[in-house]
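In: Show me how the following folds:
(2 chains)
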Amino acid sequence: MAPLSTDLLVIGGGATGAGVAFDAALRGFDVVLVDRADLAEGTSGRFHGLLHSGGRYVVKDPNAAIECIGENRIVREIAADAIEDTGGFFVSTPWDDPAYADRFAQGCADTGVDCEEIPVAQALREEPRLNPDISRAFRVPDANVDAWKLVWGLARGAQERGGRILTYHEVVGVHREGDEVTGARVRDARTGDELDVEAAMTVNAAGAWAHHIAEMAGIEGVRILPGRGIMIAMNHRLVNTVVNRCQSPTDGDILVPIRTVSVIGTTDVHTDDPDDHTVLQDEVDAMLDDGEKLVPGFKRARALRVWTGVRPLFEDAKEEGTDTRDVTRAHAILDHVERDGVKRFLTITGGKLTTYRLMAKDAVDAVCAQRGETRPCTTSTAVLPGSADRGPYLLGERLERKEEHLRDDQLVCECEMIARSKLEEVMRRRATTNLDDIRRSLRLGMGPCQGGFCIPRATGILHAMNGMSHEEANASLLGFLRERWKGVWPILYGDQVRQARLDDWIFQGVLDVEHLPG
Amino acid sequence: MTAERHVDAVVIGAGTAGLTAGALLAEGGARVVVVAKGVGSTHLAPGTVDVLGYDPDRVEAPGAALAGFVAAHPEHPYARLGPDAVEPALEWFRAKVQAGPQPGYAYVGDLARNHMLPTAAGALRPSALVPETMAPGDAAADTSPVCVAGMRVLRDFHPELCAANLTAAGIPARAVELEVDMGRADANALGLARRLDDPSFRAAFAGQLGSKLRGGERVALPAMLGLRDPHRVWTELQERLDTPVFEIPTLPPSVPGMRLSDVLRAALRAAGGRLVLGSEVVGGERDGARVSAVRVHASGHDVLYHARWFVLAAGGLNSGSIELGSDWVVRETALGLPVHGAPGPGEPRFLPDVFAEQPLSRVGIAVDAGLRAEGTENVLVAGASLPGAVPWKEGSGEGIALTSAHRAAAAVLAAERIEATA
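Out: Numbers count the residues shown, from 1 in each chain, chains lettered A, B, ... in the order given. Below you'll find the model as predicted:
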């Protein structure tokens, strides 16, 4: 195929890469973004959904707290559609060091994180399921963020300015001529076709996989220490406010209400392989126990799904005396001219979703610096497509829309209130046969039934709309079921076993999908 | 406040097994009450009577295959019941359908061979005894062309996908869409079945459908051909269209499953048995190995049912009658009976492959050879509460339910007769 030519090739379609693409497009660069899978299919889509107020870092890492609160205020404005303004609490439970609360309050004051101590009785009135034995409560501006909406908003923003977004295009080689990186070769995962992208600059935003890309460019010593964390989604909004334990950050101390579920997280276990999604029984048990500490009776809710995400903790093996204590959760820009004598190539890694915009700004600033140009960043005020003229997402939105259209618009997914018109619109826009892609855009199959009813329906609709072959349709359906089950079986207990059994009856008993023609 | 009632036998569960056991006990002269939390899995299942569909390859002749099947699976319910016990249970069921509340409605088939019924996804699913309204779809008997008719309003049935897969399976099929105004965008098969029970709606429906047909096509419709009078709806459609018409089961709620439930409820009622839904058994009173009463939690009050016999047919893992706790321990929830077949601590409960046989799936209440719950003298177990089966994979659910209900009821009635004689 004829090579693509562009000003800027971005490798990695997480929040950072999409942020870079949007930022660069706003500054007038022509951009191509590639990802080996769907956008936000990696780390960005595999977290708890918390838009940090910064409260978590005020004691341990004040700079991170300052960054978070600054970005929190900006992201709410530019990506309102992806944000639900739940607010957040930090609460001292009987298991937390009582002395931490005062340090927390002081830390908030020092870093500018808005924080108000409220009476425990008031916190319990607002969140009646909270552990009544909490001793102190602070209100902070935490929120939740739908990472897929955010990242697609960024991608669409880039597309509207001529950017090209190539999902399911894996980098198989980075082109290097002498001391310059000139682009990359990518392979379309769906067709197997390979394509060269010639780029004036290449930004490696591959997150936990960034060292692989750096190695392809012949650059050594970029070390990512993948830190794996698990999250569990429970079937209710057990709380409507983000609840954090008021203690030095540790495992299982955040409960995030997001859309129709609440998510508890997380852990931090070193792993050598960023694609390692192992869920350990001990981690699950510990997480459920931690849930009980925040919300007594937590385990009686239905655990829908567990997943793991991998943080890209960065360590520079080229820096003298680096040991693991220096591993940072802040982001890092590696300018490979200074570091390795390699031009036209930058690596951005580390960081967190809340600060994606800052990371993108720093990366594109570095691109401009290397090109000897000055192009100011405008992302702090550039509203993303889908978020113009509107406030933050409200939980009742889908229900409200559905009630207006009872007569004329079908409901395909009862759990997540997905209307048929919306499903068809996204199916057309995404031009995909992969129902998991649709899931990320619409939360299809993410509710309590985990696809039992909506997936047969969505498969039928997709097949009829796209003129797919029966093989493709069957592969879509079976692929979705296999993918979902990965997150279901490790935490399957209680009433969710009945749900899984009902799904078995539907797919195997009623539809007999195991015996569909090949 | 607790009310007390005295009966001869309490059946727990109102699915195929529970209703059958209740009807048989009542027919045998016992005072019976069937108590259940909900309506049972009939409303979720396709409404066919599956005896043995896969082992693990497709079974063509379930009757002939059963002997080998039980030899290979000595802990399977069929091994406890014996292959010869199945046919009498099917015979009783056929008779109940014939005497049932839907005039003329019948089930067809026997153990000699499985039908191959198209599913809504377009796979071919084996089943032994099937509603007459599904029989013309049998791909083992007829591979002539099919017109699959759907309605946009019915989101639980997508004719194009069904037709594409049927065609790939060797049955030339095409899809058509009918316009049905249900007053809103969504309807399920039950709502449509109620409409089709109405003759004037039926006539218009047949007219529209007829205009879309080509010669020589059979007609497949989602399973919605009437709830009260399916035989009339089905025969009338066939007459008007002058071609065979058959039903394909949809996502729940299952109209043919509800008809099946109605048949069994009518049999229970006709024999003098009672059915009390919305009643969860929350515990029992025991005197050593004898259970003397069960405590039922109904709306607003508890009822203590005293009885000499209890038949537990509450659905096992399907209904929460057997539960895996967050401590990963498996328990029977109504009476605290011992369970059998649960993976031990540290052993896998489920496997990463969604279509693998899951280690937990064969769990059930521990029973002796006569289906008596371990540690009890007077609790019998039937249906999906029995250990050793994977009914949705084997295609064996209704066969096990009917046959084990017969065995449990027979055991009770035999013991009652002995006591009466003594």
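
In: in the chain, which segments are predicted with low confidence?
Out: Going with chain A. A:319-329 (pLDDT under 70).

In: what's the longest helix in it?
Out: When chain A is parsed with DSSP state H, its longest helix is helix A:470-488.

In: Does it reach chain B?
Out: Yes - using CB under 8 Å from any CB of the partner chain, helix A:470-488 reaches chain B at A:H470, A:E471, A:A473, A:N474, A:L477, A:L481, A:R482, A:R484, A:W485, A:K486. (Glycine included, C-beta is placed from N, CA and C.)

In: What residues does the second one make contact with?
Out: Listed by CB atoms under 8 Å, 6 or more residues apart in numbering or on different chains, the contact partners of A:E471 are A:G518, B:A168.

In: Same question for the first one.
Out: Under the criterion of CB under 8 Å, 6+ apart, the contact list for A:H470 reads A:H463, A:L516, A:P517, B:G122, B:L161, B:A164, B:N165, B:T167, B:A168.

In: Closest one to A:H52 out of these, please.
Out: A:H463 (41.4 Å; CB to CB).

In: Next, the contact list for that closest one, please.
Out: A:H463 neighbours (CB under 8 Å, 6+ apart): A:H470, A:E472, A:A473, B:H158, B:E160, B:L161, B:A164.

In: Over to A:S441?
Out: Counting by CB under 8 Å, 6+ apart, A:S441 has contacts A:W148, A:W152, A:V426, A:R430.

In: Chain B versus that one, what's the distance?
Out: Applying CB to the nearest CB, to the nearest Å, the value for A:S441 to chain B is 19 Å.

In: Look up which helix or strand that residue falls in, please.
Out: In the assignment (DSSP states H and E), A:S441 maps to helix A:435-442.

In: immediately after that helix, which helix or strand?
Out: Following helix A:435-442 toward the C-terminus (DSSP H and E): helix A:454-466.

In: Next, give me the two most distant ones among the contacts of A:H463.
Out: A:E472 and B:H158 (14.5 Å).

In: circling back to that earlier point, out of the contacts of A:H470, name the ones that lie in helices.
Out: Per DSSP H, the subset of the contacts of A:H470 in helices is A:H463, B:L161, B:A164, B:N165, B:T167, B:A168.

In: Those residues, buried ones only, as a PyMOL selection?
Out: Listed next is the PyMOL selection for buried residues among the ones in helices among the contacts of A:H470, using 16 or more other CB atoms under 10 Å in any protein chain shown:
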select buried, (chain A and resi 463) or (chain B and resi 161+164+165+167+168)
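
In: For residue 56, give me its contacts.
Out: Unless you meant another one, I'm taking chain A. So A:R56 contacts A:A65, A:C68, A:N244, A:P249, A:I254 (CB under 8 Å, 6+ apart).

In: think we crossed wires, I meant chain B
Out: Here B:P56 is in contact with B:K393 (CB under 8 Å, 6+ apart).

In: and if you look at the one 3 residues further on?
Out: B:V59 is in contact with B:L52, B:G53, B:A65, B:N114, B:P126, B:G395, counting by CB under 8 Å, 6+ apart.

In: Residue 344 - how many residues pack around it?
Out: In the absence of a named chain, this looks at chain A. Using other CB atoms under 10 Å in any protein chain shown, A:R344 has 22 neighbouring residues.

In: Let me rephrase: I mean chain B.
Out: A count of nearby residues for B:G344, using other CB under 10 Å, gives 7.

In: can you tell me if stretch B:260-273 touches chain A.
Out: No - counting by CB under 8 Å from any CB, chain A has no neighbours in stretch B:260-273; the shortest distance is 14.0 Å.

In: Let's test this: mean pLDDT of that stretch, rounded?
Out: The average pLDDT within stretch B:260-273 is 98.

In: picking up where we left off before, please save the CA atoms from the longest helix of chain A in CSV.
Out: Extracted as CSV, the C-alpha positions of helix A:470-488 are listed here (Å, rounded to 0.1, in the frame of the first residue of the first chain):
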residue,chain,number,x,y,z
HIS,A,470,-22.8,-15.4,9.1
GLU,A,471,-19.2,-16.4,10.0
GLU,A,472,-18.4,-12.8,10.9
ALA,A,473,-21.6,-12.4,13.0
ASN,A,474,-21.0,-15.6,14.8
ALA,A,475,-17.4,-14.7,15.5
SER,A,476,-18.6,-11.4,16.9
LEU,A,477,-21.0,-13.0,19.2
LEU,A,478,-18.7,-15.8,20.4
GLY,A,479,-15.7,-13.4,20.7
PHE,A,480,-17.7,-11.1,22.9
LEU,A,481,-18.8,-14.0,25.2
ARG,A,482,-15.2,-15.2,25.5
GLU,A,483,-13.9,-11.8,26.3
ARG,A,484,-16.6,-11.0,28.9
TRP,A,485,-16.2,-14.3,30.7
LYS,A,486,-12.5,-13.5,31.4
GLY,A,487,-13.6,-10.9,33.8
VAL,A,488,-16.6,-12.8,35.2
